[in-house]
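Participant: Sharing a model prediction with you, sequence too.
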Number of protein chains: 2
Amino acid sequence: MITGLYTDRYELAMAEVYWREGRADVPVVFDYFFRTLPYKGGFAIFAGAQTLVEALESFRFGNDELGFLRREGFDPDFLEFLRKFRFRGSIWMPLEGEIIFPVEPIARVEGGLLEVQIIESLLLNILNFQTLIATKAARCCLAARGRTVAEFGLRRAQGLASRWATRAAMIGGCVSTSNLDAAAWYGLRTAGTMAHSFVQSYESELEAFRSFAAVHGPETVLLLDTYDTLRSGLPNALIVARELAVRGIRLAGVRIDSGDLAYQSRAVRNAFDAASFPDIKIIVSNQLDEYIIRSLLEQGAPIDVFGVGTALVTGHPDGAVDGVYKLAVCNGKPKMKRADGLAKQTLPGRKVVSRYIDQEGWIRADAIHLYDESPPTLMVDPYDPTRKIKLGGLRPEPLLRLVVKEGEVVGPLLDIKAAAAYAKERLQCLPPEHKRFENPHIYDVGISPGLAALRDKLITEMMNGA
Amino acid sequence: MITGLYTDRYELAMAEVYWREGRADVPVVFDYFFRTLPYKGGFAIFAGAQTLVEALESFRFGNDELGFLRREGFDPDFLEFLRKFRFRGSIWMPLEGEIIFPVEPIARVEGGLLEVQIIESLLLNILNFQTLIATKAARCCLAARGRTVAEFGLRRAQGLASRWATRAAMIGGCVSTSNLDAAAWYGLRTAGTMAHSFVQSYESELEAFRSFAAVHGPETVLLLDTYDTLRSGLPNALIVARELAVRGIRLAGVRIDSGDLAYQSRAVRNAFDAASFPDIKIIVSNQLDEYIIRSLLEQGAPIDVFGVGTALVTGHPDGAVDGVYKLAVCNGKPKMKRADGLAKQTLPGRKVVSRYIDQEGWIRADAIHLYDESPPTLMVDPYDPTRKIKLGGLRPEPLLRLVVKEGEVVGPLLDIKAAAAYAKERLQCLPPEHKRFENPHIYDVGISPGLAALRDKLITEMMNGA
């Protein structure tokens, strides 16, 4: 589905100028970074690298695409150039599942001016969205404290966003999805129960439950709240659980989709336990998010699986990660966008990120520094140059790895399962104060003294030039 | 891209039961409706009908899909049944671009139990999202009071959501898009300028502007805020505008992407007017939404084009329209979901919606009534049965039209341009009090006395049965 047209018109408008002037191959460095953590949270989970690499493969211009661009008024000779286009630049990124923070480069892209520019919209579209959803999933899973979070969002996903939403949700820690399209595409575990309409389509709820169990046996999950969870759904589920037990089959679970989930789940758990069905799982759904999950567990609700839909797959209440893609070096010269105040400035130069780990294995700070600098032992707050942060006694690790080298995939790309495991492992190394939902402690991201000096120098030059 | 797997697992789990029991063809009616207007607004714009109809065409099960379902444990005989599946039901919907309201059926789907059930996730995924975005676009266009709104959202769209987001944005009133993929797919008008990186990649801003103008001539739009909008961007744009004028070419416009857009746009307009360039358009962007557009125009900002991105294509701050799909009739019997209180109940029976127009052409009220009832002259508030609403002197029109009849497209489907024109026309007939952003007047949607009586009867029956 992704072709070279998966871009904004202005990318090709700029590219045509570069091509015309023979500047397509001017060497450049662009940085992808974001300024604000989603959900007023303390961290984000990086996702989308594999998708980006695959999309770059198909980001080409065939006859259909070139015909469209011809009609759009692009120069035919430029279009013949595009016919041969493929991305031959290099990309450094973290592993998927990595914890990431604002300001620091999350992807560094190097190559010719034209190729590095025109992948901007594609890269932003993929990484902004998958990072948004992986982060939301991780928050839901943190709130669930080891209980299962299942992704149930297809019907409320933003249209075709559903496939990548599911992918990112799994990286963030979801265990299964209801979305068969995404499951088939990525080889994911699926889960599903029944709808209220199923129950209503029978003369009685009990008949509906029996019919479902007759076909699905040990995979049966019964929906309790079509008529009345505790007075109708629960007793009927108990009847079916006993009927299955006679045949040596265990009822897998029940789902509650409305009403007071804490109160009802307790009553259902008690009834199943009293009837010697301690293994029947309780699944809940209905407008869940990380806050409701947390609240339910704080109330001691005996819930086994949280089915999360809308808020998870749309990243509500956020619509997007505010990631941007900015020129850092052009033809050997460091570049930065001047803006009023430090908050909107970009960081110049070819940069790397070192992550600092303490002796107990906690992730403590990230330093952005120039490529040819060693990891610094002191860094400066990027927004407050008077604030210095010492990094003594901490062990630096590189955050970014070479994933694409001159157009070829060379670097580590984790599959979804491995990325999910990596996210889980890394979150365990992130101090808890960064993981709380309310006013999380701000993780230290700084710039090296060398980078700060380069930035100051460029600001001075620009002020003198203006 | 859409196959029969574009669904939730539970749809096929239910379908397998229906198939096994020989109930696939039990005649049913399902309603699609939503409960809450997006954005705390007073109306929504319906979109997605054409997309749904196309998706239903490809909602089939081929070897790849069946192989996946086989591995997922579905019965091989059921899968052979699915191999021959295609939707042969009927769908009634409004025209795309129609104004719609909560509670009323927006789509009525009739057919066999199995086919009508398994398209649920697909239908919800498409209509919920496109309606969300078309509504957002309409709000931005209302705020823009006739000025142009351009869709610039690809980089912040929720991944592959971008194509449908652009489609729906155009139905809601956007005039152009930056998204080449969507433009090629749907035949839309594109627009684009340049990035800050373009300007930075040259030795000077003036050189960058000249280079762009040399290639793009009368389509040139210059980005003013890379260094300093008023001290650098504006004087350089004036130089290029004069150079183009000498060659008989008019500079198309300038874009401002940061800073105080009201103040800067006035200064830029004044400078261009003073230099006898009254036709150069001023385009602004940077985290716009309907509220910022309104504020800018209230300040008298002389802006010609608003480029709206994130908020438009993600529907921020809402993530989704809360549309649901509920069983209304099964095998000739009216059905409703019982819930605690009226707010979560569904409306039973085969229903239609009549829209009432007054003598001046204003849209005044919608009545939901039973298919075999005439449009009522009195209706009841669905949430407050004691509140009656008189419909005397108003002319009823049917809201829903037969679009798909027994699997074949028979009904009116507007193309995007026609749907946009229809939305514009209908919004002009909606009284202004429903269009304001703060506490809009609630549009009257009621149920006929006959439908109210049917609902009461079913509630009584269920209470007696419970």
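Facilitator: Looks like it arrived, so ask away. Numbers count the residues shown, from 1 in each chain, chains lettered A, B, ... in the order given.
Participant: Now the closest residue to chain B within the stretch 151-300 of chain A, what are its backbone angles?
Facilitator: Proximity of the stretch 151-300 of chain A to chain B (C-beta to the nearest C-beta) peaks at A:Gly192, 3.1 Å away. Every residue, glycine included, has its C-beta placed from N, CA and C. Dihedral pair for A:Gly192: phi -170, psi 160, per degrees, to the nearest 10.
Participant: Outline the domain layout of chain A.
Facilitator: Listed by automatic domain parsing, the domain ranges of chain A are A:9-133+A:318-465, A:134-314.
Participant: How far does stretch A:314-325 sit from its chain's centre?
Facilitator: 10 Å (C-alpha atoms, centre = their mean, to the nearest Å).
Participant: Next, see if it gets close to chain B.
Facilitator: Yes: using C-beta under 8 Å from any C-beta of the partner chain, stretch A:314-325 reaches chain B at A:Thr314, A:Gly315, A:His316, A:Pro317, A:Asp318, A:Gly319, A:Ala320, A:Asp322.
Participant: And the average pLDDT for that stretch is what?
Facilitator: Per-residue pLDDT values across stretch A:314-325 average out to 96.
Participant: end-to-end on it?
Facilitator: 22 Å (C-alpha to C-alpha, to the nearest Å).
Participant: Name the residues of that stretch that come out as buried.
Facilitator: A:Thr314, A:Gly315, A:His316, A:Asp318, A:Gly319, A:Ala320, A:Val321, A:Asp322, A:Gly323, A:Val324, A:Tyr325 (16 or more other C-beta atoms under 10 Å in any protein chain shown).
Participant: Farthest-apart pair in the residues you listed, please.
Facilitator: Using C-beta to C-beta, the buried residues of stretch A:314-325 span at most 24.8 Å, a distance reached by A:His316 and A:Tyr325.
Participant: what about the residue of the stretch 151-300 of chain A closest to chain B, how many neighbours?
Facilitator: By other C-beta atoms under 10 Å in any protein chain shown, the residues close to A:Gly192 number 26.
Participant: on that earlier part again, nearest to B:Ala107, of the residues of stretch A:314-325 next to chain B?
Facilitator: B:Ala107 lies nearest to A:Thr314 out of the residues of stretch A:314-325 next to chain B, by C-beta to C-beta, at 21.4 Å.
Participant: What sits closest to that closest one if chain neighbours are left out?
Facilitator: Distance criterion C-beta to C-beta, 6 or more residues apart in numbering or on different chains; nearest residue to A:Thr314, sequence neighbours excluded, is B:Gly319 at 3.2 Å.
Participant: Do a quick rundown of the strands in the stretch 201-350 of chain A.
Facilitator: A:221-223, A:253-256, A:281-284, A:305-308, A:324-330, A:333-334 (DSSP state E, counting those that start in this stretch).
Participant: where are the low-confidence patches of chain A?
Facilitator: A:339-341, A:465-466 (pLDDT under 70).
Participant: and A:Val149, what are its phi and psi?
Facilitator: Dihedral angles for A:Val149 - degrees, to the nearest 10 - are phi -110, psi 120.
Participant: Bridged to it, which residues?
Facilitator: A:Phe306 (DSSP bridges).
Participant: Now do it: how many residues are near it, please.
Facilitator: As a burial measure, A:Val149 scores 27 neighbours (other C-beta under 10 Å).
Participant: Partner strands of the one helix or strand A:Ile368 maps to, with direction?
Facilitator: Secondary structure assigned from DSSP states H and E places A:Ile368 in strand A:363-370. Here strand A:363-370 is paired, per DSSP bridges, with strand A:351-357 (antiparallel), strand A:444-447 (parallel).
Participant: The top helix by length along chain A near chain B at all?
Facilitator: Counting by DSSP state H, the longest helix found in chain A is helix A:120-144. Yes: applying C-beta under 8 Å from any C-beta, one finds helix A:120-144 touching chain B at A:Glu120, A:Ser121, A:Leu124, A:Asn125, A:Ile126, A:Asn128, A:Phe129, A:Gln130, A:Leu132.
Participant: Just send those residues back as a markdown table, with neighbour count too.
Facilitator: Converted to a markdown table, the residues of helix A:120-144 next to chain B look like this (neighbours: other C-beta atoms under 10 Å in any protein chain shown):
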| residue | neighbour count |
| --- | --- |
| A:Glu120 | 24 |
| A:Ser121 | 25 |
| A:Leu124 | 24 |
| A:Asn125 | 33 |
| A:Ile126 | 27 |
| A:Asn128 | 27 |
| A:Phe129 | 32 |
| A:Gln130 | 29 |
| A:Leu132 | 32 |
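Participant: of all these, which two lie farthest apart?
Facilitator: A:Glu120 and A:Leu132 (17.9 Å).
Participant: is it true that A:Gly172 touches A:Leu132?
Facilitator: No: between A:Gly172 and A:Leu132 there is no contact under C-beta atoms under 8 Å: 9.9 Å.
Participant: picking up where we left off before, could you dump the residues of helix A:120-144 next to chain B into a markdown table and include distance to A:Ala367?
Facilitator: What follows is the residues of helix A:120-144 next to chain B, written out as a markdown table (distance: C-beta to C-beta, whole Å):
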| residue | distance to A:Ala367 |
| --- | --- |
| A:Glu120 | 26 |
| A:Ser121 | 30 |
| A:Leu124 | 25 |
| A:Asn125 | 29 |
| A:Ile126 | 27 |
| A:Asn128 | 24 |
| A:Phe129 | 28 |
| A:Gln130 | 26 |
| A:Leu132 | 25 |
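Participant: mind checking how far A:His316 is from A:Thr310?
Facilitator: In this view, A:His316 and A:Thr310 are 6 Å apart by C-beta to C-beta, to the nearest Å.
Participant: List the residues that are in contact with both of the two.
Facilitator: Listed as contacting both A:His316 and A:Thr310 by C-beta atoms under 8 Å, 6 or more residues apart in numbering or on different chains are B:Gly319, B:Ala320.
Participant: re the thing from before, sort out for me which of the residues of stretch A:314-325 next to chain B are in helices.
Facilitator: Going by DSSP H, the helices hold A:Thr314 from the residues of stretch A:314-325 next to chain B.
Participant: can you tell me which of the residues of stretch A:314-325 next to chain B lies nearest to A:Ile249?
Facilitator: A:Thr314 (37.4 Å).
Participant: A:Gly159 is in contact with that closest one, correct?
Facilitator: No: look at A:Thr314 against A:Gly159 with C-beta under 8 Å: they stay out of range, at 10.7 Å.
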